[in-house]
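Colleague: this one's structure only:
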Ligand SMILES: Nc1ncnc2c1ncn2[C@@H]1O[C@H](COP(=O)(O)OP(=O)(O)OP(=O)(O)O)[C@@H](O)[C@H]1O
């Protein structure tokens, strides 16, 4: 079996007394778009920060296609092929998403961490972005971890979904499994699951 594109084991991160991540495991299958969802404060942005090297973890390890990158900073991780975007930040908002992938991100990445790319967009724009993202990921063979609150976007393009709650993994599965997972419906989806 080939190595996961990105693999995390036991990731932890504390902000003072707050445990934002409590031993999270994650595996991204090469080429997939995996959704990362959960309530506000669940730890999604913190997980992206720790995976990208922006914030130090207080425990755990990260591998990129089998290579241990735990000790690397963000620039070295980017050089190795792991790129990220920032929440509510479009670096060049006027550029199409494809051009942003190439320019802002300094060459096409192998694994891309996207933190709420649809925030602030209209419903129509969000779906257009989702479709473009799926096309680009397929065409370039990029593996994507997509943090997003817009469930239409997530259910439209994600092959698999991971759910965090209170810094820990609550569930993972296909969109169909997640949509009807009782704990996920209780903690997050509510009526959006219907
Ligand atoms: N810089 C910080 N200082 C202190 N606590 C923080 C900091 N950043 C995040 N936290 C706390 O860590 C926890 C996880 O926050 P995080 O932003 O990762 O959640 P999230 O799932 O991305 O939430 P959202 O969906 O609202 O973006 C929360 O309890 C939050 O208050």
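Modeller: Now that the structure is in, tell me what you want to look at. Being a predicted model, the structure only gives us computed values, none of them experimental. Residues are numbered from 1 along each chain as shown.
Colleague: Residue ranges in the protein under the pLDDT threshold?
Modeller: 1, 87-103, 105-107, 191-194 (pLDDT under 70).
Colleague: which residues of it fall in strands?
Modeller: Counting by DSSP state E, the chain has strands at residues 6-15, 18-28, 33-37, 59-64, 67-68, 82-84, 111-115, 143-147, 160-165, 168-173.
Colleague: Redo the ones you listed as a markdown table? Include mean neighbour count and distance to residue 182.
Modeller: Any C-beta I mention is one placed from the backbone N, CA and C, and that applies to glycine too. Below are the strands of the chain laid out as a markdown table (neighbours: other CB atoms under 10 Å; distance: least, CB to CB, whole Å):
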| stretch | mean neighbour count | distance to residue 182 |
| --- | --- | --- |
| strand 6-15 | 18 | 26 |
| strand 18-28 | 19 | 21 |
| strand 33-37 | 25 | 15 |
| strand 59-64 | 18 | 28 |
| strand 67-68 | 12 | 37 |
| strand 82-84 | 24 | 32 |
| strand 111-115 | 24 | 27 |
| strand 143-147 | 25 | 23 |
| strand 160-165 | 23 | 12 |
| strand 168-173 | 18 | 9 |
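Colleague: JSON lines please, covering the ones you listed and showing distance to residue 130.
Modeller: Formatted as JSON lines, these follow (distance: least, CB to CB, whole Å):
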{"stretch": "strand 6-15", "distance to residue 130": "21"}
{"stretch": "strand 18-28", "distance to residue 130": "18"}
{"stretch": "strand 33-37", "distance to residue 130": "9"}
{"stretch": "strand 59-64", "distance to residue 130": "25"}
{"stretch": "strand 67-68", "distance to residue 130": "30"}
{"stretch": "strand 82-84", "distance to residue 130": "18"}
{"stretch": "strand 111-115", "distance to residue 130": "11"}
{"stretch": "strand 143-147", "distance to residue 130": "9"}
{"stretch": "strand 160-165", "distance to residue 130": "14"}
{"stretch": "strand 168-173", "distance to residue 130": "20"}
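Colleague: ok, which residues in the protein are in contact with the ligand?
Modeller: With CB under 6 Å from any ligand atom as the criterion, the chain meets the ligand at residues 15, 18, 20, 38, 40-46.
Colleague: so what's the residue lying closest to residue 160 once chain neighbours are set aside bridging to?
Modeller: Nearest residue to residue 160 in three dimensions, chain neighbours excluded: residue 34, at 4.9 Å (CB to CB, 6 or more residues apart in numbering). Beta-bridge partners recorded for residue 34 (DSSP bridges): residue 145, residue 160.
Colleague: So residue 34 versus the ligand, what's the distance?
Modeller: For residue 34, the distance to the ligand equals 15 Å [CB to the nearest ligand atom, to the nearest Å].
Colleague: What of residue 184?
Modeller: From residue 184 to the ligand the distance is 14 Å (CB to the nearest ligand atom).
Colleague: Since that was my last question, I'll sign off now.
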